[in-house]
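Colleague: dropping the sequence and predicted coords here.
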Amino acid sequence: QVHLVESGGGLVQAGGSLRLSCAASGRTFSGYAMGWFRQAPGKERAFVAAIRWSGGSSDYVDSVKGRFTISRDNAKNTVYLQMNSLKPDETAVYYCAAGYPGRLNGEYTYWGQGTQVTVSS
């Protein structure tokens, strides 16, 4: 079992930045790929970014490329999502997940409870 806890969400103006963190505990963290997903009101949970356990390979949805950066520190059992130039339509609950590297919800076994990100215009 891997327990994930996100933090760092909040209210930010359009164009601003936030850094989300996801702390893992339980089973070995370094063996899992880690992903960030987001769910806006009335929408499905959608892929944002993922990183392999080694940290050497990452993937992003096109809409965040060049603005968001995913990283991980296996020594601290923590994964991060640096979000810059945020847009109002990126208001959502952001979730981190651990599992097999990919873009699909079903590829991830463990999920955090989510952290709210609100971007005001």
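Modeller: Thanks, I have the structure now.
Colleague: how close does residue 42 get to residue 91?
Modeller: 12 Å (C-beta to C-beta, to the nearest Å). Using the backbone N, CA and C atoms, a C-beta is placed for each residue, glycine as well.
Colleague: between those two, who's got more neighbours?
Modeller: residue 91 (18 against 5; other C-beta atoms under 10 Å).
Colleague: roughly how far apart are that one and residue 111?
Modeller: Distance from residue 91 to residue 111, by C-beta to C-beta: 20 Å.
Colleague: before we move on, what about residue 72?
Modeller: For residue 72, the distance to residue 111 - C-beta to C-beta - is 16 Å.
Colleague: how about residue 43?
Modeller: 17 Å.
Colleague: give me the more crowded residue out of those two.
Modeller: residue 111 (18 against 9).
Colleague: element containing the residue nearest the centre of the chain, please.
Modeller: Central residue of the chain (C-alpha atoms, centre = their mean): residue 36, 2.5 Å from the mean position. Using DSSP states H and E, residue 36 maps to strand 33-39.
Colleague: neighbouring contacts of the helix or strand just after that strand?
Modeller: For strand 33-39, the following helix or strand on the C-terminal side (DSSP H and E) is strand 46-51. Here strand 46-51 makes contact (C-beta atoms under 8 Å, 6 or more residues apart in numbering) with 33-39, 57-61, 64, 68, 70-72, 79, 81, 94, 101-105.
Colleague: which parts of this protein are strands?
Modeller: For the chain, the strands defined by DSSP state E cover 2-7, 10-13, 18-26, 33-39, 46-51, 58-60, 68-73, 78-83, 92-99, 108-111, 115-120.
Colleague: dump the ones you listed into CSV; add mean pLDDT as well.
Modeller: Formatted as CSV, these follow (pLDDT from 0 to 100):
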stretch, mean pLDDT
strand 2-7, 94
strand 10-13, 98
strand 18-26, 94
strand 33-39, 96
strand 46-51, 96
strand 58-60, 96
strand 68-73, 95
strand 78-83, 96
strand 92-99, 96
strand 108-111, 94
strand 115-120, 98
